[in-house]
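Asker: following is a predicted model, sequence given first.
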Amino acid sequence: MIEVKGLSKRYGPKTAVDGVSFTVQPGMVTGFLGPNGAGKSTTMRMIMGLDRPTSGTATVNGKPYAAHRAPLTEVGALLEAKAIHPGRSARNHLLALAATHRIPARRVDEVIDMTGLTQVARKRAGGFSLGMGQRLGIATALLGDPRTLILDEPVNGLDPEGVLWVRNLARYLAGEGRTVFLSSHLMSEVALTADHVLVIGRGKILADAPVNTFIDAETQKTVLVRTPDATRLAELATSDGVTIASDEPGLLTVTGLDAPAIGELAAREGIVLHELTPQTSTLEAAYMALTADSVEYRTGEPGADTPAEAAAPEGANR
């Protein structure tokens, strides 16, 4: 379990993280979402004790990370995949870490096999592609068989097979009762992987909810209706809270009225329906709706190259 209480981080006049509080529960995958500059990486680094908070606390499995006697067995983290000595082989990198916790060499071989690194295990990490570097970072996180995983952009640079592997791994680990906390810019992947989402914007928590609850709260349900009597149905259905749009003759997009209500209205009025399809919203649509005012850089607008807020030191507010 990860518990964060009143956590803040300031860099001079810039507030990267602003009094955030949340709990990441075991037995589920929690996705950590937010625009660039929102404070995701800074929050993760403070949880891992790599950045000192300006105020507030962060504990993992009941203690600050630094207070654990054998931290690799408590928390596995992927925060910067390339933070590895480039002249050291993947296997030697893992063996060196294992030695600090008296982890046997057979565990090193297990995580090498588990992460698909067998063929390159004795090659220098400095020559790894981005995807292979990610696999080595994940192997490092898994080395101590920890109860909690913190993964910052774990699918970055991976091919489709690797993305699927990370998804299945996260679900499997959560199924074992472990805490899995991961960030990603791929909304479709988070939607397939996560049970719960935390959304951060401009250093503040904007949402903390199960995925489906979050989607329902941030998006409006719409129904696609196809009928030869579209004009009459639109007139009958229009009321307070109901909006109707039409992109082509005979086709209506109804917001604010569910499919059963539309079907019952059409039946009462003798209107023939050729299609009545509820439109499923997406995590991406909900996320975009919630964070529209929290992006640090905007595109497609006048002044798009102008940051919405003053920049913090490089890497400080990701």
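Answerer: Looks like it came in fine.
Asker: buried ones in stretch 59-66?
Answerer: By neighbour count on 16 or more other C-beta atoms under 10 Å, the buried set for stretch 59-66 is Thr59, Val60, Asn61, Tyr65. (Glycine included, C-beta is placed from N, CA and C.)
Asker: span of stretch 207-226 from start to end?
Answerer: By C-alpha to C-alpha, to the nearest Å, the extent of stretch 207-226 from end to end equals 35 Å.
Asker: now that stretch: buried residues?
Answerer: For stretch 207-226, using 16+ other C-beta under 10 Å, the buried residues are Ala207, Asp208, Ala209, Val211, Phe214, Ile215, Glu218, Thr219, Thr222, Val223, Val225.
Asker: and those residues, which two are the farthest apart?
Answerer: Greatest spatial distance among the buried residues of stretch 207-226 (C-beta to C-beta): Asp208 and Val225, at 35.0 Å.
Asker: what's the domain layout of the chain?
Answerer: 2-217, 220-279 (automatic domain parsing).
Asker: now, among the buried residues of stretch 59-66, which is nearest to Ile150?
Answerer: The closest of those, once distances to Ile150 are taken by C-beta to C-beta, is Val60, at 8.1 Å.
Asker: that closest one bridge partners, please.
Answerer: Per DSSP bridges, the residues bridged to Val60 are Ile2, Lys63.
Asker: for it, list the residues it contacts.
Answerer: Val60 makes contacts with Met1, Ile2, Ile47, His68, Glu74, Val75, Thr148, as judged by C-beta atoms under 8 Å, 6 or more residues apart in numbering.
Asker: okay, it: pLDDT?
Answerer: At Val60, the model reports a pLDDT of 97.
Asker: and it, how far from Gly177?
Answerer: 15 Å (C-beta to C-beta, to the nearest Å).
Asker: which residues touch Ile207?
Answerer: Rather than Ile, residue 207 is Ala. Ala207 neighbours (C-beta under 8 Å, 6+ apart): Val197, Leu198, Val199, Phe214, Ala217, Glu218, Leu290.
Asker: direction included, what does the helix or strand encompassing it pair against?
Answerer: Assigned by DSSP states H and E, Ala207 falls within strand 204-210. Paired neighbours of strand 204-210 in the sheet (DSSP bridges): strand 196-201 (antiparallel).
Asker: ok, so what distance separates the residue of the chain most remote from its centre from His101?
Answerer: Going by C-alpha atoms, centre = their mean, the residue of the chain most distant from its centre is Gly270, 47.0 Å out. Separation of Gly270 from His101 (C-beta to C-beta): 75 Å.
Asker: tell me the contacts of the nearest residue to Leu142 once chain neighbours are set aside?
Answerer: Setting aside the residues directly before and after it, Leu142 is nearest to Val111 in space (C-beta to C-beta, 6 or more residues apart in numbering), at 4.9 Å. Taking C-beta under 8 Å, 6+ apart, we find Val111 in contact with Leu94, Ala139, Leu142, Leu143.
Asker: then Thr243?
Answerer: Each residue near Thr243 by C-beta under 8 Å, 6+ apart is listed here: Val254, Thr255, Gly256.
Asker: and those residues, which are buried?
Answerer: When the contacts of Thr243 are checked for burial by 16+ other C-beta under 10 Å, the buried set is Val254, Gly256.
Asker: can I assume Pro35 sits in a strand?
Answerer: No - counting by DSSP: H, G, I helix; E, B strand; the rest coil, Pro35 falls outside a strand, being coil.
Asker: just checking, it touches Leu290?
Answerer: No - in this structure, Pro35 is not within contact of Leu290 by C-beta atoms under 8 Å, at 10.4 Å.
Asker: compare those two and say which is more crowded by neighbours.
Answerer: Neighbour tally, Pro35 and Leu290, criterion other C-beta atoms under 10 Å: the higher count belongs to Pro35, 23 against 19.
Asker: stretch 269-278: end-to-end distance?
Answerer: 21 Å.
Asker: my error: substitute stretch 274-289 in the last question.
Answerer: First residue to last in stretch 274-289 (C-alpha to C-alpha) measures 31 Å.
Asker: next: stretch 100-109.
Answerer: 16 Å.
Asker: can you name the residues in contact with that stretch?
Answerer: Stretch 100-109 has contacts (C-beta under 8 Å, 6+ apart) with Ala70, Leu72, Thr73, Arg91, Leu94, Leu95, Leu97, Ala98, Leu143, Gly144, Asp145.
Asker: next SSE after the helix or strand where the fourth one lies?
Answerer: If you go by DSSP H and E, Arg91 is part of helix 90-100. Taking DSSP H and E as the definition, the helix or strand that follows helix 90-100 towards the C-terminus is helix 105-114.
Asker: quick one: buried residues of that next one?
Answerer: Arg107, Val108, Val111, Ile112.
Asker: residues touching the nearest residue to the last one once chain neighbours are set aside, list them.
Answerer: For Ile112, ignoring the flanking residues on the chain, the nearest one in space by C-beta to C-beta, 6+ apart is Ala121 at 5.0 Å. With contacts taken as C-beta under 8 Å, 6+ apart, Ala121 has the following neighbours: Ser89, Ala90, Arg91, Ile112.
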